[in-house]
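# Output the structure for:
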Amino acid sequence: MIRHFLLPCALAPGLTLPATAGAQLRDPGAIVVTGQRDPLHLDDAAPAGSRLPLSIGETPASVDILTQDDLQQRGLRTAREAFDQVVGAIAGNVPGNPAVVTLRGFAGNTVSILQDGVRVSASTVVQRDTNSWHYDRIEVLKGPASVLYGEGALAGVINKVTRKPVLGERHADLLLSSGSFDSAFAAGGVNLPVSSTLAVRADASYQRSDSRYDVENNDTFSAGLTASALWRPHDRLSLLVALDHYEDRYDATYQGLPLIPARFALRPSRAVTGPAGLVADRALRRRNYNPRGAYSGADETTLRARLDWIVGGGWTLALDLAGYTADRAFLLADSQSFVAPTPAFPHGSFTQSYQDFRHDHRFANARGTIGHDGRVGGLRNRFSLGVEHNDTDFTSLRQTAPASALPAVDVRDPALVAVPGAAGIFTAGDVTFVSKLKQWSVFAEDALNLTPRWLLVGGVRWDHMSLDRATRQNATGAVDRNRPVFDPVSWRAGTTWEASPGVTLYAQYTTAVSPVSSILLASIANSRFRLTSGQAQEAGFKASGWGGRASATGAVYRIAQRDILTRDPASPALAVQGGRQSSRGAELSAAFAPVKALHLSGGASYTDARYDDLAELVAGARVDRSGNRPINVPAITANAAALLTVGGAMTLGGFLRHAGAFYTDTANTIRVAGHTLLDASVSVPVARGATVTLRGRNLTDAFYGEYSGYPATNVYIGAPRSVELALAARW
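Below you'll find the predicted structure:
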């Protein structure tokens with residue numbers, strides 16, 4: 001479909017690698033930008049971690065941002081690669097949740113993913129590893145943010161902001177690349193002024209490879225087409241209309257390398273170790289055990305419109321409308337269990353169950369906000385009040401076949417087996433989930449300047465969520481239904497103080513709510529539980545100086561979540577609420593440009609995360625997991641970048657990324673060792689407006705675990721050393 005016409009669009013003449021472009025009237029619902037790679041200027045506008053017109057220095061929040069220029073300089077091609085660069089975060093590609101993010105000790109549906117400020121659903125449902133070409137920037141608000149975006153934003157929010165038209169500018173962009181794993185990328189964009197009051201922009205991208213992880217039978221494809229029009233009849237009024245479409249497909253859905261006992265491994269490594277001598281075998285690095293014909297894919301389209309009106313007298317009005325539709329499919333071996341050698345399989349084998357899950361997702365959203373910037377009792381006061389309504393229809397076919405549905409495969413030389421096609425094989429599960437969710441929200445924020453340097457910020461949000469949840473047994477037609485209603489209230493209070501010119505201190509207290517699992521995919525039993533609650537305290541600083549050539553931000557925080565699912569001490573088979581999980585940590589980011597030709601930046605984070613109260617059911621018995629670390633949470637992450645321009649032309653880049661060890665199971669028995677990655681690039685201008693870049697990734701060819709897959713004994717092994725040659729042009 002889209003792949004057949006995106007490539008010609010991307011190769012159209014006159015396309016260029018753009019500077020960041022945005023609508024003329026900034027979106028007051030975007031996320032605060034304070035962690036930018038360039039030195040920080042505290043007086044810059046920060047229209048995002050709040051719906052108020054606050055500057056960066058006035059915003060009591062810890063944030064990070066990757067601009068389109070950052071993405072290009074670092075060679076970050078997809079959402080997962082971009083998310084993995086955020087200080088304090090790691091990201092991975094699991095089959096049911098591509099580009100899943102762990103942030104501040106929490107993961108999955110506790111990190112909200114937004115599309116241009118709109119939350120469609122839990123990230124575990126909607127997030128895909130889309131091409132980063134379409135983003136003007138990626139904004140990350142860390143810590144609980146339910147007061148801004150509703151349930152699910154416990155650990156933070158990631159806002160993917162697409163490129164927008166710019167009035168009065170005519171430019172185009174082109175990016176072509178080819179590299180290891182038979183990878184190819186083509187993308188282009190064009191901004192055209194139609195008149196003095198109307199401009200349009202369109203971007204297309206196409207990416208393919210034999211596998212992003214360099215494994216067998218895993219051809220990957222992703223494409224995007226985004227287009228928008230901005231009409232601004234005068235300086236007080238603007239209307240933006242946009243259409244986004246994305247597609248992706250991963251053949252023979254790779255779900256990580258299965259661990260095997262060391263005594264059967266040809267090249268055992270210490271990259272991943274588990275109980276009973278389980279290890280990651282280097283000799284199996286490229287093996288993919290999923291059947292031929294299995295795949296993971298999505299096809300999603302969003303239509304949205306935004307009206308901004310500066311009414312006058314300090315009053316503003318904003319109206320957002322969005323419609324979203326998506327079809328997704330997840331066909332894969334649900335589990336891969338090692339079986340010791342037998343005469344039929346002298347090297348050992350894997351037995352595999354099989355699942356076929358589908359999503360049919362429809363979503364509509366309307367949000368209106370009014371704001372006022374004026375004075376109260378002689379003091380400057382900024383205020384906003386908004387209402388939001390969204391409607392979701394979600395149907396999911398979920399079929400599971402037992403291990404007997406697929407033939408066993410040899411560990412060292414897996415034969416390609418076909419997707420099972422016999423009728424009636426889904427005896428382990430054959431249900432259809434139907435969810436209809438209606439939500440009304442009312443939210444308000446206020447910022448009061450007690451003095452020109454001391455600001456108080458507060459906000460509150462009420463959500464009314466009405467869910468109609470049904471599970472239909474496809475074999476019998478039996479239906480189980482539940483209609484829960486949730487009415488959570490979230491709030492935050494914060495303050496900022498300009499301690500001296502260029503140095504601001506801040507602190508905040510924030511609350512959030514989150515379901516025990518994704519609200520659209522929760523079982524009937526889980527839909528009967530109340531929402532979990534979270535609270536966070538955070539304090540930090542933001543500083544810039546030396547003529548705007550240096551900046552630093554730092555934060556310390558604690559997040560606590562209550563009422564997660566645990567096991568009843570009196571009846572271990574019974575799941576009950578009452579468990580607790582928490583994290584505390586510190587983060588530091590800095591950027592420094594000692595001379596115009598040299599730009600240095602970096603960041604580091606420490607996270608102490610734990611289950612404060614958690615029990616699980618293991619072999620019919622209640623097992624205490626309290627004190628253990630949550631899965632996919634390293635204690636330390638760090639990154640650094642250096643860009644040096646030589647002779648005013650050639651640019652040399654070096655990029656370092658480190659993540660500490662983490663566990664793939666709540667028992668903390670399967671340990672993934674920490675890793676350090678080194679990338680480098682050389683960029684040379686070859687013509688006016690055109691640059692060629694040679695890039696090397698994972699230059700030390702590290703063999704490392706990136707993220708845990710399905711199940712806990714499967715771990716995604718990061719891509720080996722690779723090279724890429726790219727041409728970028730701008731006219």
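# just the CA coordinates of stretch 231-250, formatted as PDB?
C-alpha atoms of stretch 231-250 as PDB (Å, rounded to 0.1, in the frame of the first residue of the first chain):
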ATOM      1  CA  TRP A 231      -3.700  29.000   7.800                       C
ATOM      2  CA  ARG A 232      -3.100  32.300   9.600                       C
ATOM      3  CA  PRO A 233      -5.400  35.000   8.400                       C
ATOM      4  CA  HIS A 234      -3.900  37.400  11.000                       C
ATOM      5  CA  ASP A 235      -1.500  37.400  13.900                       C
ATOM      6  CA  ARG A 236      -4.200  36.400  16.500                       C
ATOM      7  CA  LEU A 237      -5.700  33.400  14.700                       C
ATOM      8  CA  SER A 238      -4.300  30.200  13.200                       C
ATOM      9  CA  LEU A 239      -5.700  26.900  12.100                       C
ATOM     10  CA  LEU A 240      -3.600  23.800  11.500                       C
ATOM     11  CA  VAL A 241      -5.000  20.700   9.800                       C
ATOM     12  CA  ALA A 242      -2.900  17.500   9.600                       C
ATOM     13  CA  LEU A 243      -3.000  13.900   8.400                       C
ATOM     14  CA  ASP A 244      -0.500  11.300   9.500                       C
ATOM     15  CA  HIS A 245      -0.200   7.700   8.200                       C
ATOM     16  CA  TYR A 246       2.300   5.100   9.400                       C
ATOM     17  CA  GLU A 247       2.900   1.400   8.500                       C
ATOM     18  CA  ASP A 248       5.300  -1.200   9.600                       C
ATOM     19  CA  ARG A 249       5.900  -5.000   9.400                       C
ATOM     20  CA  TYR A 250       8.400  -7.400  11.000                       C
END
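# What average pLDDT does that stretch get?
On average, the pLDDT along stretch 231-250 is 96.
# do the same with stretch 132-144
Rounded mean pLDDT across stretch 132-144 is 90.
# Now name the helix or strand holding the nearest residue to Asn639 once chain neighbours are set aside.
Distances taken as C-beta to C-beta, 6 or more residues apart in numbering place Arg657 nearest to Asn639, at 4.9 Å, with adjacent residues excluded. C-beta here means a position set from N, CA and C on the backbone, and glycine is covered the same way. Element membership for Arg657, per DSSP states H and E: strand 650-659.
# one step back: so how far is Glu706 from the residue nearest to Asn639?
11 Å (C-beta to C-beta, to the nearest Å).
# More neighbours: which of the two?
Glu706 (23 against 19; other C-beta atoms under 10 Å).
# how close does the more buried one get to Leu284?
Distance check for Glu706 against Leu284: by C-beta to C-beta, it reads 16 Å.
# What are the buried residues along stretch 306-317?
By 16 or more other C-beta atoms under 10 Å, the buried positions in stretch 306-317 come out as Arg306, Leu307, Asp308, Trp309, Ile310, Thr316.
# pretty sure the last one contacts Asp308?
This points to Thr316. Yes - counting by C-beta atoms under 8 Å, Asp308 is a contact partner of Thr316 at 7.3 Å.
# from memory Ser269 sits against Leu284, does it?
No - using C-beta under 8 Å, Ser269 makes no contact with Leu284, being 10.3 Å away.
# which residues in this protein form helices?
With helices called from DSSP state H, the chain shows them at 3-10, 68-74, 79-83, 123-126, 146-149, 524-527.
# now, of these, which is deepest in the fold?
Of all the helices of the chain, helix 146-149 has the most neighbours on average by mean count of other C-beta atoms under 10 Å, namely a mean of 26.
# Next, give phi and psi for the residue nearest to Gly256 when sequence neighbours are not counted.
Closest residue to Gly256 apart from its sequence neighbours, by C-beta to C-beta, 6+ apart: Gly709 at 3.0 Å. Dihedral pair for Gly709: phi -110, psi -140, per degrees, to the nearest 10.
# Check Arg285 too.
As for Arg285, its main-chain torsions (degrees, to the nearest 10) stand at phi -50, psi -40.
# who's in contact with it?
By C-beta atoms under 8 Å, 6 or more residues apart in numbering, the contact list for Arg285 reads Asp214, Val215, Leu257, Phe703, Ile717, Pro720.
# pLDDT weak spots in this structure?
Applying pLDDT under 70 to the chain flags the ranges 1-49.
# So which residue of it lies furthest out from the middle?
Pro343 (45.7 Å; C-alpha atoms, centre = their mean).
# What about Val556, how many residues nearby?
Val556: 16 neighbours (other C-beta under 10 Å).
# Let me see the contact set for it.
Glu538, Ala539, Gly540, Arg584, Gly585, Ala586.
# got the contact list for the fifth one?
When you say that, I think you mean Gly585. Gly88, Arg104, Gly105, Val556, Tyr557, Ser605, Tyr606, Thr607, Asp608, Ala609.
# wait, isn't the third one in contact with Thr607?
When you say that, I think you mean Gly105. Yes - assessed by C-beta under 8 Å, Gly105 is found in contact with Thr607 at 5.1 Å.
# Overlap of the contact sets of these two?
Joint contacts of Gly105 and Thr607 (C-beta under 8 Å, 6+ apart) are Ser583, Gly585, Val633.
# The helices of the chain into TSV, with extra columns for distance to Leu505?
Shown next, in TSV, are these (distance: least, C-beta to C-beta, whole Å):
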stretch	distance to Leu505
helix 3-10	47
helix 68-74	27
helix 79-83	28
helix 123-126	32
helix 146-149	21
helix 524-527	42
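# before we move on, the earlier item: how about TSV for the shared contacts of Gly105 and Thr607, with distance to Gly156 added?
Below are the shared contacts of Gly105 and Thr607 laid out as TSV (distance: C-beta to C-beta, whole Å):
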residue	distance to Gly156
Ser583	12
Gly585	12
Val633	14
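# Now flag whichever of the residues you listed is closest to Ala61.
Gly585 (15.6 Å; C-beta to C-beta).
# who does that closest one bridge with?
Beta-bridge partners of Gly585, counted by DSSP bridges, are Tyr557, Thr607.
# Check Leu54 too.
Ala46.
# what's the most distant pair in the buried residues of stretch 306-317?
Using C-beta to C-beta, the two most remote members of those are Arg306 and Ile310, lying 14.0 Å apart.
# hang on, Leu643 packs against Gln73?
Yes - shown here, Leu643 and Gln73 form a contact pair, counting by C-beta under 8 Å, at 6.7 Å.
# what residues are shared contacts of these two?
With C-beta under 8 Å, 6+ apart as the test, Leu643 and Gln73 both reach Gly653.
# Let me have the contacts of Arg285 in CSV, extended by distance to Ser490 and neighbour count.
CSV is the format used below for the contacts of Arg285 (distance: C-beta to C-beta, whole Å; neighbours: other C-beta atoms under 10 Å):
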residue, distance to Ser490, neighbour count
Asp214, 43, 20
Val215, 42, 23
Leu257, 40, 27
Phe703, 43, 19
Ile717, 39, 26
Pro720, 44, 17
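# Excluding chain neighbours, give the residue nearest to Asp251 in space.
Asp219 (4.5 Å).
# same thing with Pro634?
Gly660 (3.8 Å).
# just Asp430 next, same as before
Among residues not flanking Asp430 along the chain, Asn474 sits closest, at 4.6 Å (C-beta to C-beta, 6+ apart).
# quick one: that neighbour and Leu385, what's the gap?
Taken as C-beta to C-beta, the span from Asn474 to Leu385 is 46 Å.
# for Ile138, same thing?
Applying C-beta to C-beta to Ile138 and Leu385 gives a distance of 28 Å.
# In contact with Ser83, which residues?
One thing to correct before we go on: residue 83 is Phe, not Ser. Ala89, Ala91, Ala99, Val101, Ile138, Ile158.
# picking up where we left off before, may I see the buried residues of the strand holding Arg657?
Thr651, Gly653, Phe655, Arg657, His658, Ala659.
# before we move on, what about stretch 560-579?
For stretch 560-579, by 16+ other C-beta under 10 Å, it's Ala560, Gln561, Arg562, Asp563, Ile564, Leu565, Thr566, Arg567, Pro572, Ala575, Gly579.
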